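**Q** Fold the following for me, if possible:
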Amino acid sequence: VISSDMKEDHIFRLTGRGADQDPKGVFSINRLTGEVAVSRALDREAIAYYH
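**A** Numbering: from 1, shown residues only. Now for the predicted structure:
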């Protein structure tokens, strides 16, 4: 998510598989900017998709 109108304060968060559900910590998010990062390699054979 990118917001060009930062007049209001926003706090971003991720929930679900890979964030706060097993396998935890695969994805992280900068709570202030909304930038999402992948913290380790994704194995599509082990987990076909995250949603």
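
**Q** For the lowest-mean-pLDDT helix or strand in the chain, list every residue counted as buried.
**A** Least confident helix or strand, the chain: strand 27-29 with a mean of 93, by mean pLDDT, DSSP states H and E. Across strand 27-29, burial judged by 16 or more other CB atoms under 10 Å covers 27, 29. Where C-beta positions appear, they are placed from N, C-alpha and C, glycine not excepted.

**Q** partners of the next helix or strand after that strand in the sheet?
**A** Later in the chain than strand 27-29, the nearest helix or strand by DSSP states H and E is strand 36-38. Strand 36-38 sits in its sheet next to strand 27-29 (antiparallel), going by DSSP bridges.

**Q** Outside of the strand it pairs with itself, which residues are in contact with it?
**A** Under the contact criterion CB atoms under 8 Å, 6 or more residues apart in numbering, strand 27-29 has outside partners 12, 13, 14, 18, 19, 35, 36, 37, 38, 39, 50.

**Q** Swap in 7 Å and give it another go.
**A** 12, 13, 14, 18, 19, 35, 36, 37, 38, 39 (CB atoms under 7 Å, 6 or more residues apart in numbering).

**Q** Which residues are in contact with the second one?
**A** Spelled out, it's residue 13. Contacts of residue 13 (CB under 7 Å, 6+ apart): 29, 31.

**Q** mind redoing it with 10 Å?
**A** Neighbouring residues of residue 13 by CB atoms under 10 Å, 6 or more residues apart in numbering: 19, 20, 29, 31, 34.

**Q** Please name the nearest non-neighbouring residue to the last one.
**A** Nearest non-adjacent residue to residue 34, counting by CB to CB, 6 or more residues apart in numbering: residue 12, 4.0 Å away.

**Q** Next, the contact list for residue 15, please.
**A** 21, 29 are the contacts of residue 15 under CB under 10 Å, 6+ apart.

**Q** how far away is it from residue 45?
**A** The spacing between residue 15 and residue 45, counted by CB to CB, to the nearest Å, is 25 Å.
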